[in-house]
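> Let's see this in three dimensions:
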Amino acid sequence: MTQERWHQHQFRVRYEETDQMGVVYHANYLTWFEIGRTELIRELGYPYRRIEEKGLLLPLVEAEIKFKKPARYDDLVCVNTRVIDMSSVRLHFAYEIRKVSEEMLALNEDSAAQPNGELLVTGATRHVWVNPSWKPIRIEKEAPELWQLLAKYS
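Residues are numbered from 1 along each chain as shown. So this is what the prediction gives:
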């Protein structure tokens, strides 16, 4: 069995992301998923801007979120992202958002490690590669170098 490979991106919860109950507003987790995705792709050496410059788009076609515990203002959180399935037309990501401490981050610098911290939210998103006319494309033909990077990571 191969070890799951997670990309980790941490930040502090901003006041503006919380609601009247003092917890992170639920829709913000989708934004955090997007941050995790784009930072994973950036770490692979292929910033999202480069994808768009090639005329490639990756719209969201499905999202799933399961809330376990709330995040609150000033919590240090880590968005853990991994590619769980891909084809030439589709890309499927999994996410875990965890509350962490500075000490936990220092212990877990290996991006292939199992994420540490208190599990707050899990989720997944599915995407389809399209051109600017929103016609599906085959990523291995349109951007073979990106295809290879994603295939190595998944």
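> Every contact and neighbour count from this point should use C-alpha atoms.
OK.
> what's the longest helix seen in the chain packed up against?
The longest helix of the chain (DSSP state H) is helix 28-43. Here helix 28-43 touches strand 7-12, helix 48-53, strand 76-86, strand 90-99, going by 3 or more C-alpha pairs under 8 Å, 6 or more residues apart in numbering; DSSP states H and E.
> what would the ones you listed look like in a markdown table with mean pLDDT, mean neighbour count and distance to E145?
Below are the helices and strands packed on helix 28-43 laid out as a markdown table (pLDDT from 0 to 100; neighbours: other C-alpha atoms under 10 Å; distance: least, C-alpha to C-alpha, whole Å):
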| stretch | mean pLDDT | mean neighbour count | distance to E145 |
| --- | --- | --- | --- |
| strand 7-12 | 96 | 19 | 19 |
| helix 48-53 | 94 | 13 | 11 |
| strand 76-86 | 97 | 22 | 15 |
| strand 90-99 | 98 | 22 | 15 |
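> what bridges to L57?
For L57, the beta-bridge partners under DSSP bridges are V130.
> Give the burial count for it, as a bare number.
Using other C-alpha atoms under 10 Å, L57 is surrounded by 21 other residues.
> which residues touch it?
Applying C-alpha atoms under 8 Å, 6 or more residues apart in numbering to L57 gives the contacts I51, W129, V130, N131, P132, W134.
> coming back round to it: want to try CSV for the helices and strands packed on helix 28-43, with distance to G22 as columns?
Below are those laid out as CSV (distance: least, C-alpha to C-alpha, whole Å):
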stretch, distance to G22
strand 7-12, 14
helix 48-53, 32
strand 76-86, 15
strand 90-99, 16
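> and L60, which of those is closest to it?
L60 lies closest, by C-alpha to C-alpha, to one member of those: strand 90-99, at 9.5 Å.
> by how many degrees do that closest one and strand 7-12 diverge?
Going by axes from the mean of the first three to the mean of the last three C-alpha atoms, to 10 degrees, strand 90-99 is angled at 40 degrees with respect to strand 7-12.
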